[in-house]
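**Q** Take this sequence and fold it.
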Amino acid sequence: MSEQIYFKIHQPFTCVYHIEDPMGVFVTLIVGSKRAALIDTGMGIGNLRQTVQAITDKPLMVINTHGHADHIGGNYQFDEVYMNPDEYRLADRFYNQTDIREIIYQQAKQRNLVPDDFNFNSYMCCRLENKRAFDCDALLDLGDIVIKPVLLPSHTPGMTGFYIEPLKLLLGGDSICSMVCLYFPEASAIQKHIEVLEKTAELPFEHILTSHSKEVLNRDNFEAFIECAKAYDEQSAYRYRDPFYRHYGGKMFIYESRKNKTAILVK
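**A** Next up, the predicted model:
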């Protein structure tokens, strides 16, 4: 597969590029007048750096929302990558588990999703020596766009989202999304997740982008996330196994909100 067709680029807003990996993960590039910010690096199979450089040549800051392998997989392609220090231990654990990267690679290979120029050795041998501490209290100034980090500690302890005020856009990572997974040992209890959602509701966002969908969500979807978490019933849930982290899984609860929006919580 050629690099030109590996990633699919969606542009929901003028300065926002939601970049789709065919294995179901999205990273988000925000391009300001002076700088650009890349949120997450995906699975790491395709050449994300080359794709980003084709969109912008502005100075780039790369930031991870959290430390799971499908969000930090492409970190090795960049000189520096920032993340909340609360995610360091988790990121090191997932990045150093080559069996997970092997599973991701084999699934990509079976689906003919490995680019022609993919360097297997670089992918398997990389380490997180390029990680840097991200200051979650500092605003990201891209010139004409200012981005506010938002702590969302439920899917993982140091999960960090981002609020882009001029667009009223929230980047929710894996804590604010249509299917939130709280079955990992590092995930919070459901009550803590509800508190995170209710705190985030104070932000005046109107749009939401998540890490596993191209859809631009809205406040109605967000209300469904809260309703779903409060209504979670293990007796009405279905058994679920994670497709990549196969030794993890939980009970999937599917909820239809009062405004006919679907939300899923797996605990």
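**Q** Now the element after the helix or strand of the chain with the lowest mean pLDDT, going C-ward?
**A** The helix or strand of the chain with the lowest confidence, counting by mean pLDDT, DSSP states H and E, is helix 120-125 at a mean of 80. The element immediately downstream of helix 120-125 (helix or strand, assigned by DSSP states H and E) is strand 131-133.
**Q** Report how many residues lie close to the residue nearest to Arg49 when sequence neighbours are not counted.
**A** Counting by C-beta to C-beta, 6 or more residues apart in numbering, Gln77 is the residue found nearest to Arg49 once chain neighbours are left out, at 4.2 Å. All C-beta spots, glycine's among them, are computed from the backbone N, C-alpha and C. Residues contacting Gln77 under the criterion other C-beta atoms under 10 Å number 22.
**Q** Can you tell me what sits against the least confident helix or strand of the chain?
**A** 44-45, 76, 98, 101-102, 105 (C-beta atoms under 8 Å, 6 or more residues apart in numbering).
**Q** Same question for stretch 134-152.
**A** Stretch 134-152 is contacted by residues 15, 30-37, 61, 63, 82-85, 158-166, 170, 172-173, 175-176, 196, 200, 203 when judged by C-beta under 8 Å, 6+ apart.
**Q** Is there a quick ChimeraX command that grabs whichever of those are buried?
**A** Filtering the contacts of stretch 134-152 down to the buried ones (16 or more other C-beta atoms under 10 Å) takes a single ChimeraX command:
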select :15,30,31,32,35,36,37,61,63,82,83,84,158,159,160,161,162,163,164,170,172,173,175,176,196,200
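**Q** any idea how far Leu217 is from the closest residue to Tyr6 other than its chain neighbours?
**A** Using C-beta to C-beta, 6+ apart and skipping the chain neighbours, the partner closest in space to Tyr6 is Gly46 (4.0 Å). In this view, Gly46 and Leu217 are 25 Å apart by C-beta to C-beta, to the nearest Å.
**Q** okay, those two: which has more neighbours?
**A** Remark: of Gly46 and Leu217, Gly46 carries more neighbours, 27 against 22, as counted by other C-beta under 10 Å.
**Q** Is that one in contact with Phe7, as I believe?
**A** Yes. Between Gly46 and Phe7 there is a contact under C-beta atoms under 8 Å: 5.7 Å.
**Q** For those two, list the residues in contact with both.
**A** Common neighbours of Gly46 and Phe7, counting by C-beta under 8 Å, 6+ apart, are Asp21.
**Q** follow-up on the earlier one: point out the least confident one among the contacts of helix 120-125.
**A** Ranked by pLDDT, the contacts of helix 120-125 bottom out at Thr98, which has 75.
**Q** I'm done for today, thanks for sticking with me.
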